[in-house]
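Q: Give me the fold of what follows.
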Amino acid sequence: MANAATAQVNGIDYSVIDPSQRWRMLRTQKRFFFWCLWVSSGVVMQGFDIVAGGQLAALPEFQAQFGHLQPDGSHILPARYLSAWSSIAPACEIVATFIFAPLLERYGRKPGILVGAVISVVGVLLQQLGTDWRVHLAGRGINGIAIGLMFTISPLWIGETCRPELRGFFLCFFNTSIVFGQFAIAAVSRGSSYLSGKWQWWLPVVGMYAFPAILTTGWFFFPESPYWLVRKGMPIQARKALQRVYGIKNNTFYNLEVQRMESENSHALSIQGSVSENRRTIFGLDISSEAECFQRMNRKRTLTAIFAASGQQLIGATFVIGYATYFLDLIGVKDYFNASIVLYVVMLLSSMAAFPLTEIIGRRTMIVMPQFVLCCMLLLIGILGCVPDQGKASWGIVVFIYMWAIIYQLSIGAVGFVLASEIATVRLRSTTQGLVTITNAVWGLVMQFTIPYMINPDAGNLGGKVGFIFLGTGLVAAIGGWFLYPETKGVSFETMDELYASGTTPRHFRAVSREREYALQETQPKSLV
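A: Residues are numbered from 1 along each chain as shown. Below you'll find the model as predicted:
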């Protein structure tokens with residue numbers, strides 16, 4: 001390890017993890033910032049796809065193409081169509097992630113991106129050219145495979161590559177990318193609603209070609225995860241990848257980063273050992289790492305990561321975000337397209353505001369109490385759904401949906417992915433991220449399948465009363481978060497390993513880690529990474 005005199009890079013000592021230096025470090029992260037944007041473009045596709053079902057369902061030409069003719073001359077899309085279209089993508093995400101997650105650990109993160117881009121083109125093509133609802137269904141399912149890949153790779157690569165002091169800041173890219181995709185599909189659908197003929201619904205579908213195009217164009221220059229290269233015993237290649245990631249003209253920086261990653265990997269191995277020698281397989285697939293995630297030492301970490309992602313679905317994200325346009329149409333909001341676009345703009349701005357706040361305020365603070373506030377919003381939406389005059393109550397529902405969206409994006413929406421991506425031990429991070437993707441997709445499948453039956457006129461037709469349902473599931477998320485979520489702001493991966501190994505209660509993580517840092521400073525002012 002370089003000494004203090006040689007560890008200075010642009011006035012910053014990279015030999016220690018020092019959260020007080022995070023904003024000075026951020027000024028040197030320009031190239032990494034753009035790589036984060038690029039790798040997150042695949043996650044934009046996920047946001048695009050989540051909302052596409054509700055947006056397309058609100059377009060008259062799409063209704064005419066796939067719906068059933070009504071006596072008054074209008075068309076209605078059966079709830080089973082909407083449910084199948086919405087649930088097929090998360091269903092395929094589950095299968096794809098189960099298959100591809102072990103391959104990402106074996107072959108690296110970069111090959112999976114190209115595979116996802118190719119698969120996405122096939123899926124979008126089927127959605128565009130299909131005239132039968134089943135062909136459109138197949139296209140959404142195939143695209144769901146690509147979404148599952150990018151949903152796993154994007155936060156994994158960002159979390160592995162960035163400096164610990166800036167983990168929360170850059171992992172917020174993940175949620176903001178999803179929200180930007182939601183805004184993009186809402187804006188494109190609003191513009192296409194002025195068109196007539198097949199291009200009214202073709203335009204939003206054709207817009208999805210942009211994501212595999214972006215991924216393919218930049219793939220040849222994209223660096224493999226240096227952390228993965230270090231773990232595979234390739235420090236020279238890791239150093240070259242870091243040079244492409246950062247572009248900093250200082251060799252000391254790259255030496256320090258490789259040493260930090262080697263130290264973190266060695267520390268994790270010293271505490272937990274290597275993957276169990278007892279290999280476990282299912283249908284010919286090696287699931288040893290997945291099984292180890294649920295062993296005693298790792299179980300709480302795995303469940304915390306899964307619960308952080310699941311909480312988003314339990315507290316109503318799919319209802320408020322995924323079906324906003326269609327739901328506003330059903331409850332009688334006349335200018336429902338413009339109302340939904342404003343909603344997505346508000347969410348995008350709120351998600352961007354979470355970038356600095358997650359490092360200033362912290363993860364636990366930004367998630368736990370706001371979840372209880374979100375439950376209150378859902379309660380009020382449910383109460384307004386019971387008002388006899390729904391024409392007047394609908395605008396009250398819109399107001400509370402907007403308030404819910406702001407609080408959600410500033411809390412569990414943005415920070416939930418941050419916590420889920422950084423909580424796992426380094427050796428099992430890719431496996432845990434795969435489990436997070438699978439669990440998120442399972443909940444997405446359940447929600448996407450059931451929500452059309454809750455709100456569609458030919459089914460439950462609950463209107464605002466659906467808020468009561470998500471109040472119940474949201475309370476589970478809020479109460480569970482109080483006991484499970486630790487404060488990880490400024491806590492190194494090594495310290496997290498030690499805190500979990502010692503059985504420290506998650507809500508006491510920050511206090512205990514500060515005590516350890518203070519004790520370490522007393523005995524050894526300059527600790528090595």
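Q: hey, where'd the strands end up in the stretch 1-150 of the chain?
A: 8-9, 12-13, 68-69, 75-76 (DSSP state E, counting those that start in this stretch).
Q: Give me the residues contacting the last one.
A: Strand 75-76 has contacts (C-beta atoms under 8 Å, 6 or more residues apart in numbering) with Pro60, Gln63, Ala64, Gly67, His68, Leu69, Gln70, Pro457, Asp458. Every residue, glycine included, has its C-beta placed from N, CA and C.
Q: Please name the nearest non-neighbouring residue to the third one.
A: Counting by C-beta to C-beta, 6 or more residues apart in numbering, His75 is the residue found nearest to Ala64 once chain neighbours are left out, at 5.1 Å.
Q: got it, and the fourth one?
A: When the adjacent residues along the chain are set aside, Gly67 lies closest to His75, with 3.5 Å between them (C-beta to C-beta, 6+ apart).
Q: ok, the one you found to Pro60 distance?
A: 8 Å (C-beta to C-beta, to the nearest Å).
Q: if I pick the residue lying farthest from the centre of the chain, what's in contact with it?
A: Distance from the C-alpha centroid of the chain, by C-alpha atoms, centre = their mean, peaks at Pro71 (43.0 Å). Not one residue lies near Pro71 by C-beta under 8 Å, 6+ apart.
Q: For it, give me the pLDDT.
A: Listed pLDDT for Pro71 reads 81.
Q: and if you look at Arg363?
A: 85.
Q: Settle this for me: it is touching Gly168, isn't it.
A: Yes. Using C-beta atoms under 8 Å, Arg363 is in contact with Gly168, at 6.7 Å.
Q: More neighbours: which of those two?
A: Legend: neighbour count by other C-beta atoms under 10 Å for Arg363 and Gly168, higher for Gly168 (31 against 28).
Q: what about the residue nearest to Gly67, how many neighbours?
A: 15.
Q: Is it bridged to anything, and to what?
A: His75 has these beta-bridge partners by DSSP bridges: Leu69.
Q: ok, which stretches of the stretch 401-529 of the chain are helices?
A: Counting by DSSP state H, counting those that start in this stretch, the segments of the stretch 401-529 of the chain that form helices are 412-422, 429-455, 466-484, 493-501, 509-523.
Q: ugh, wrong one, I meant the stretch 151-300 of the chain
A: Under DSSP H, counting those that start in this stretch, the stretch 151-300 of the chain gives helices at 167-192, 199-206, 210-219, 226-231, 235-246, 251-272, 288-293, 296-314.
Q: Which elements pack onto the second one?
A: Right, the one you point to is helix 199-206. Applying 3 or more C-beta pairs under 8 Å, 6 or more residues apart in numbering; DSSP states H and E, one finds that helix 199-206 makes contact with helix 30-57, helix 60-66, helix 110-129, helix 167-192.
Q: Nearest approach to Arg22 belongs to which of those?
A: Among these, the nearest to Arg22 by C-beta to C-beta is helix 167-192 (7.4 Å).
Q: by how many degrees do the closest one and helix 30-57 diverge?
A: 40 degrees (axes from the mean of the first three to the mean of the last three C-alpha atoms, to 10 degrees).
Q: tell me the contacts of Leu56?
A: Residues in contact with Leu56 (C-beta under 8 Å, 6+ apart) are Phe62, Ser189, Trp201, Pro204, Val205.
Q: Can you lay out those as a markdown table showing distance to Pro111, pLDDT and neighbour count?
A: Shown next, in a markdown table, are the contacts of Leu56 (distance: C-beta to C-beta, whole Å; pLDDT from 0 to 100; neighbours: other C-beta atoms under 10 Å):
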| residue | distance to Pro111 | pLDDT | neighbour count |
| --- | --- | --- | --- |
| Phe62 | 36 | 89 | 23 |
| Ser189 | 33 | 83 | 26 |
| Trp201 | 34 | 89 | 28 |
| Pro204 | 30 | 89 | 27 |
| Val205 | 27 | 90 | 26 |
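Q: Mind putting these into JSON lines with distance to Ala317?
A: Shown next, in JSON lines, are the contacts of Leu56 (distance: C-beta to C-beta, whole Å):
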{"residue": "Phe62", "distance to Ala317": "24"}
{"residue": "Ser189", "distance to Ala317": "19"}
{"residue": "Trp201", "distance to Ala317": "25"}
{"residue": "Pro204", "distance to Ala317": "21"}
{"residue": "Val205", "distance to Ala317": "23"}
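Q: related to what we said a few turns ago, please state the backbone phi and psi of the residue farthest from the centre of the chain?
A: Backbone torsions for Pro71, taken as degrees, to the nearest 10, come to phi -60, psi -30.
Q: how about the strands of the stretch 1-150 of the chain in CSV, adding distance to Thr97?
A: CSV is the format used below for the strands of the stretch 1-150 of the chain (distance: least, C-beta to C-beta, whole Å):
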stretch, distance to Thr97
strand 8-9, 37
strand 12-13, 37
strand 68-69, 35
strand 75-76, 34
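Q: Quick check: which of those is buried the most?
A: Mean neighbours per residue, mean count of other C-beta atoms under 10 Å, is largest over the strands of the stretch 1-150 of the chain for strand 8-9, with a mean of 18.
Q: What average pLDDT does it get?
A: Per-residue scores along strand 8-9 average to 68.
Q: give me the low-pLDDT residue ranges for the stretch 1-150 of the chain?
A: Scanning the stretch 1-150 of the chain for pLDDT under 70 picks out 1-10.
Q: give me that answer again for 90
A: Applying pLDDT under 90 to the stretch 1-150 of the chain flags residues 1-30, 37, 40-108, 128-133, 144, 147-150.
Q: same question, the stretch 401-529 of the chain
A: Residues of the stretch 401-529 of the chain that meet the cut-off, pLDDT under 90, sit at 401-402, 404-405, 409-467, 469, 484, 486-529.
Q: what do you get if the cut-off is 50, keeping everything else the same?
A: Within the stretch 401-529 of the chain, the ranges that satisfy pLDDT under 50 run 525-529.
Q: for the stretch 251-400 of the chain, same thing?
A: The stretch 251-400 of the chain contains residues with pLDDT under 50 at 275, 277-278, 283-285.
Q: which ones are touching Phe509?
A: Phe509 neighbours (C-beta under 8 Å, 6+ apart): Pro486, Glu487, Thr488, Val491, Met496, Leu499.
Q: Please tell me how far the nearest residue to it once chain neighbours are set aside sits from Ile367.
A: What sits nearest to Phe509 in space, not counting adjacent residues and going by C-beta to C-beta, 6+ apart, is Pro486, at 3.8 Å. For Pro486, the distance to Ile367 equals 11 Å [C-beta to C-beta].
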